[in-house]
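>>> below: sequence and its predicted model.
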Amino acid sequence: MNMTDTDGNLIQAHGGDIIKSQDSDDTSWYWFGEDKTGETTSGHFQAVNCYKSADFSTWEFVGPILSPIAGTNISSDAVVERPKVIYNDQNQEYVMWFHSDDSSYGAAMVGVATSDTINGEYNWRGSFKPFGNDSRDMTVWKDLEDGSAYLIFATSGNADLQIARLTDDYYNVSEALYTFPDKYWEAPGVFKIDGTFYLLYSRQDGWTPTDNYYMTASSMAGPWSEPTLLAPEGAYSYLTQNAYDIVIDGSEQTIYLYYGDHWSGNQLSSSTYAFYPVISNSSGLTLHRTGGWSLDIETGLWTDLPYTPITAADSTTPASTLIPCDDSCAGGMAANMTAEQPFTFTWSGDAGDKVLGIQYVYDGPKNAFKHIGVRVDGETVEGNALPETTRGTTFSQEVPFPATLREGSEVVLMLLDADGSEFFVEGVKVYPHLQ
């Protein structure tokens with residue numbers, strides 16, 4: 001389900017970060033990211049957009065804060081990806097770093113831009129190669145305890161991942177601290193929890209999701225532990241890639257929040273986002289899988305939304321289309337849905353706006369999508385795209401789909417792609433629609 005802003009437009013803020021304003025009279029959070037409106041593939045810089053929220057639920061479009069400049073490294077023909085904004089206390093200004101490149105990804109630089117205000121127009125200060133080395137996928141992270149800031153970037157032809165300290169003004173790199181050689185990692189991010197540094201990353205595979213991992217250290221200079229999975233192997237962090245890792249210090253608890261991109265590699269403009277709580281305990285970090293949850297931004301308290309499960313075994317789908325599935329499958333059965341045979345159920349709960357969490361599995365090539373439509377009481381709801389799951393494994397995924405139901409509604413899930421391949425629906429979770 002695509003996220004929309006307060007005007008009802010799709011949020012275009014891919015590969016970005018979310019930070020809280022450091023202005024004393026502004027307690028809002030700001031979301032920065034790439035505008036990929038209308039894009040199918042990368043290589044066309046439109047803008048870095050900014051959105052504003054007081055509750056992390058409703059987002060107001062502020063506007064573009066970095067726009068193309070003709071004849072420069074950030075022209076409309078250039079690549080500007082993974083913009084990250086951090087605040088510099090020394091200069092009392094906001095500093096944006098980003099992956100700065102050409103359409104062939106041969107320039108391989110970082111770019112820096114600054115603004116006196118968090119939502120103002122950012123002044124591009126230039127693009128360069130850190131330490132004279134190439135840089136592609138990257139992030140910057142600020143340690144709020146001592147103000148030091150770091151660049152983590154893929155270098156050496158994407159083979160190495162390097163950690164570097166930034167200069168005091170955050171305009172450049174000052175010292176290389178640690179290098180992971182011959183790893184081919186990307187999508188770095190950092191948490192600092194109780195004095196321990198957690199470095200998140202994923203393996204490189206283009207726009208295709210891969211498993212996300214993390215390592216720990218007592219210093220950004222290492223040494224770093226061996227990698228640990230952030231989510232179950234083969235879940236591919238629930239088809240997302242780490243974009244930024246957020247800490248919200250509530251009045252009652254601190255929440256660690258994973259913000260991931262759900263990339264649509266062949267249609268980048270339709271890529272979506274995912275926000276998952278990160279559980280931190282003596283066992284390490286775990287991405288909390290949830291189809292819906294609510295957050296009180298003031299207290300930091302969060303809870304999973306209640307839902308009504310409709311398993312394949314409990315649905316009105318003909319029994320002849322059901323097959324046994326493994327122990328992780330709710331109800332023990334899954335429906336082999338085809339273009340001719342939909343998945344159906346009768347809703348017996350309360351009326352109102354809902355979100356249908358469709359649980360499914362299907363195998364397919366990289367960046368493959370099947371399309372599904374929903375018909376409620378004979379009226380067809382807009383279709384939705386479901387990415388292939390795990391290319392050979394059977395880890396189910398869940399994709400949200402909004403619908404309005406009444407008591408006794410007849411719901412029909414229709415597969416819109418008639419390619420003859422198998423598509424298994426394990427069930428539907430019906431959540432309340434909070435927006």
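On my side now, so go ahead. Residues are numbered from 1 along each chain as shown.

>>> what strands flank the helix or strand of the chain with the lowest mean pLDDT, and is each parallel or antiparallel?
When each helix and strand of the chain is scored by mean pLDDT, DSSP states H and E, strand 379-387 comes last, with a mean of 78. Paired with strand 379-387 in the same sheet, following DSSP bridges, are strand 369-376 (antiparallel).

>>> and the residue lying closest to residue 201 once chain neighbours are set aside, how far from residue 378?
Residue nearest to residue 201 in three dimensions, not counting chain neighbours: residue 185, with 4.4 Å by CB to CB, 6 or more residues apart in numbering. (Each C-beta comes from the backbone N, C-alpha and C, glycine too.) Distance of residue 185 to residue 378, computed by CB to CB, to the nearest Å: 50 Å.

>>> how about residue 349?
19 Å.

>>> can you show me the helices along this protein?
Ranges of helices in the chain, per DSSP state H, are 236-239.

>>> which ones are touching the residue in it sticking out farthest from the centre?
Distance to the chain centre peaks in the chain at residue 320, reaching 37.8 Å (criterion: CA atoms, centre = their mean). Applying CB atoms under 8 Å, 6 or more residues apart in numbering to residue 320 gives no contacts.

>>> any figure for the gap between it and residue 334?
For residue 320, the distance to residue 334 - CB to CB - is 13 Å.

>>> try residue 99
41 Å.

>>> over to residue 272?
25 Å.

>>> so these two - more neighbours on which side?
More crowded of residue 272 and residue 334, by other CB atoms under 10 Å: residue 334, with 30 against 20.

>>> find the residue at the geometric middle of this protein.
Centroid check for the chain by CA atoms, centre = their mean gives residue 260 as the closest residue, at 1.7 Å.

>>> list the beta-bridge partners for that residue.
Here residue 260, judged by DSSP bridges, has bridge partners residue 242, residue 274.

>>> mind checking which of residue 349 and residue 378 has more residues around it?
residue 349 (15 against 7).

>>> tally of neighbours for the residue nearest to that one when sequence neighbours are not counted?
Nearest non-adjacent residue to residue 349, counting by CB to CB, 6+ apart: residue 308, 5.4 Å away. Residue 308 has 14 neighbours, counted by other CB under 10 Å.

>>> my guess is residue 308 meets residue 429, correct?
Yes: counting by CB atoms under 8 Å, residue 308 does reach residue 429; the two are 7.3 Å apart.

>>> list the buried residues in stretch 332-351.
Using 16 or more other CB atoms under 10 Å as the burial criterion, the residues of stretch 332-351 that qualify are 333, 334, 335, 336, 337, 338, 342, 343, 344, 345, 347.

>>> please apply the same query to stretch 355-365.
For stretch 355-365, using 16+ other CB under 10 Å, the buried residues are 355, 356, 357, 358, 359, 360, 361, 362, 363, 364.

>>> and residue 234, what's its pLDDT?
If you check residue 234, the pLDDT there is 86.

>>> need phi/psi at it.
Dihedral angles of residue 234 (phi, psi; degrees, to the nearest 10) stand at phi 90, psi -10.

>>> these two touch, right, it and residue 211?
Yes: if you go by CB under 8 Å, residue 234 and residue 211 touch, sitting 7.3 Å apart.

>>> and those two? which has more neighbours close in?
Each of residue 234 and residue 211 has its neighbours counted (other CB under 10 Å); residue 211 has more, 17 against 14.

>>> quickly list the domain ranges of this protein.
14-304, 308-432 (the TED database).

>>> let me have those domains in TSV, extended by distance to residue 5.
Shown next, in TSV, are those (distance: least, CB to CB, whole Å):
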stretch	distance to residue 5
domain 14-304	5
domain 308-432	16
